[in-house]
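coordinates only, no sequence provided:
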């Protein structure tokens, strides 16, 4: 049996998966060193390397398969046998679901995402409960006994962070005071309250996060303790910087935002992914498993979980794919499946004349955002080739629209609709629609958040390009998120200019500033009319964010990035922080 091509094929795929997991773990486990030394630029590079790693290992494994099994690689019956062998090989692994996804990636690479069937790949997991059988200790626990400051001291001291805390007594005093105001009374008065924290530390950008929950009195709240270095600690490597507890988060919405689909993936050491995600779902029951797998770095398996959940939802036939509400895009044809809260974006065959981009450029822009720090303001996407849906799952006008604007990508095969390439995103309310429906109070809040979103993307060296309201959405927490990437670029590539003022002879004689406009020229003074047709909203927005219309603001931000400053964006409100940001280079909200 061990000499059959199918067995050896399965073993080759497993070897490739093990190489992927070994390197993935090494990158992830080095996050504690990067945090200790404040090696923020190393952290950015490690994040990109880890995202690229999966496809690199799939490509390496595919090359070995093509060299060794060229005569049988296209035989589905060989893959049927290989699937059975592979399932047996991985049955005792603690990351069995990730291993299955890796097998699926190889199958799809060989068959160009066709022949998707559970006989030949893992459309359904072979061992759905296997990941929850381990006896590995997931958490540490502490009985509060009414002393919240001592409980927080235990939490921080036991985190195994190598840098000392500057003033743990002060931090825990502030944290205990916050808890006394924020926790439900049943928890505060509970005779047996307990803090429970995952043993693994979550690292992202300049922060380390302890994650768990508080239980007692029949109540449960999530608990996140963000830990940061002293302000202005940048590229030092001596490891002498002290730490501080930045805040204490127990509000479920605040915790959900920490794990949002709009943020970079955490670097966190995970022994048993299924158990780990199960615990996180207990803290955030409204978050789908796929989103949480992605949040801890397993974005490919997150895609698998999303695909399975989507298939399940489509099979219910509760609704159909419809044209997305709002202004139709000039580059993308957008449809939604409302019950799945999912948007499907397909690149049109022809773009409106105002869009000077190509299909390849659009795809590259989406890849850029996938690999970049999304700072809580850009939606993560999943990319699907050869997405197949039964024809009657589409509303007739939606299907007709897709066939009309993207005939090279969307076509019919019998009763099936084949979509050769699409992106999926979380569904949000388009900002232009939200503004027409919201109250005055909500309008003020969302206009502030709209400007905050632009500033935070800019701090991460991202300029959205097209800042029209229709290209932003509003989440259920009321946060404004950018989701149209065809014109996105690095902020440092932009040329910010004031509108030239020239007078007749000076300009004609060459004495004034040239009025010619280059492809990267940006005139912030002109943003207003493009962003708002409503003059009252524009007036309010300018009062909230006057610096966005000031060339000097953009240039100072641009220069800070060019000078090597890595500007962090906190995933929680500034007013909740125990240490106020000092000496900011420019206004930067949470």
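Right, received. Where do you want to start? The model shown is predicted, which means the values in this text are computed figures rather than measured ones. Numbers count the residues shown, from 1 in each chain.

residue 374 is in contact with residue 262, correct?
Yes: assessed by C-beta atoms under 8 Å, residue 262 is found in contact with residue 374 at 5.3 Å. From N, CA and C alone the C-beta is placed, and that goes for glycine too.

return every residue with contacts to both of the two.
Common neighbours of residue 262 and residue 374 (criterion: C-beta atoms under 8 Å, 6 or more residues apart in numbering): residue 380.

more neighbours, these two?
For residue 262 versus residue 374, neighbours defined as other C-beta atoms under 10 Å are more numerous around residue 374 (24 against 20).

what distance do you get for the more buried one to residue 204?
Residue 374 is 11 Å from residue 204, where distance means C-beta to C-beta, to the nearest Å.

which neighbours do the two have in common?
Contacts common to residue 374 and residue 204, judged by C-beta under 8 Å, 6+ apart, are 263-264.

any weak-confidence spans in this structure?
Along the chain, the parts satisfying pLDDT under 70 run over 1-2, 129-133, 231-240, 502-516, 580-590.

try it again with 50
Within the chain, the stretches with pLDDT under 50 are 131, 233-239, 506-512, 581-590.

show me the domain layout of it.
Segmentation of the chain into domains, based on automatic domain parsing, reads 5-127, 139-312, 317-427, 431-576.

endpoints of the longest one, how far apart?
Separation of the first and last residues of domain 139-312 by C-alpha to C-alpha, to the nearest Å is 32 Å.

go on, the shortest one?
When the termini of domain 317-427 are compared using C-alpha to C-alpha, they are 19 Å apart.

stretch 322-333 now?
Termini of stretch 322-333 sit 11 Å apart (C-alpha to C-alpha).

and what of stretch 224-241?
End-to-end span of stretch 224-241 (C-alpha to C-alpha): 22 Å.

same check on stretch 263-270?
In stretch 263-270, first residue to last residue: 19 Å (C-alpha to C-alpha).

run the chain-centre distance for that stretch.
Centroid separation between stretch 263-270 and its chain, computed with C-alpha atoms, centre = their mean, to the nearest Å, is 10 Å.

just stretch 374-382 next, same as before
In terms of C-alpha atoms, centre = their mean, the centre of stretch 374-382 is found 4 Å from the chain centre.

tell me which residues in it are buried?
Within stretch 374-382, the residues scored as buried using 16 or more other C-beta atoms under 10 Å are 374-382.

closest one of those to residue 159?
residue 376 (23.6 Å; C-beta to C-beta).

wasn't that closest one part of a helix?
No: applying DSSP: H, G, I helix; E, B strand; the rest coil, one finds residue 376 to be coil, outside a helix.

in contact with it, which residues?
257, 260, 262-263, 456, 479, 569, 571.

now with 6 Å, please.
For residue 376, the contacting residues are 260, 262-263, 571, by C-beta atoms under 6 Å, 6 or more residues apart in numbering.

ok, now residue 255?
222, 224, 249.

change it to 7 Å
For residue 255, the contacting residues are 222, 224, 249, 283-284, by C-beta atoms under 7 Å, 6 or more residues apart in numbering.

and those residues, which two are furthest apart?
Top of the distance list for the contacts of residue 255 (C-beta to C-beta): 249 and 284, 12.1 Å.

the two: which is more packed in?
residue 249 (25 against 18).

please name the nearest non-neighbouring residue to the more buried one.
residue 224 (4.2 Å; C-beta to C-beta, 6 or more residues apart in numbering).

looks like that neighbour contacts residue 247 (just checking).
No: look at residue 224 against residue 247 with C-beta atoms under 7 Å: they stay out of range, at 8.7 Å.

all strands of the stretch 101-250 of the chain, in order?
139-143, 194-198, 202-204, 207-216, 219-229, 243-245 (DSSP state E, counting those that start in this stretch).

now stretch 10-20: buried residues?
10, 12-14, 16-17, 20.

ok, and what's touching that stretch?
With C-beta under 7 Å, 6+ apart, stretch 10-20 has contacts from 53-54, 57, 60-61, 64-65, 68, 82, 85-86, 89-90, 99, 102-103, 106.
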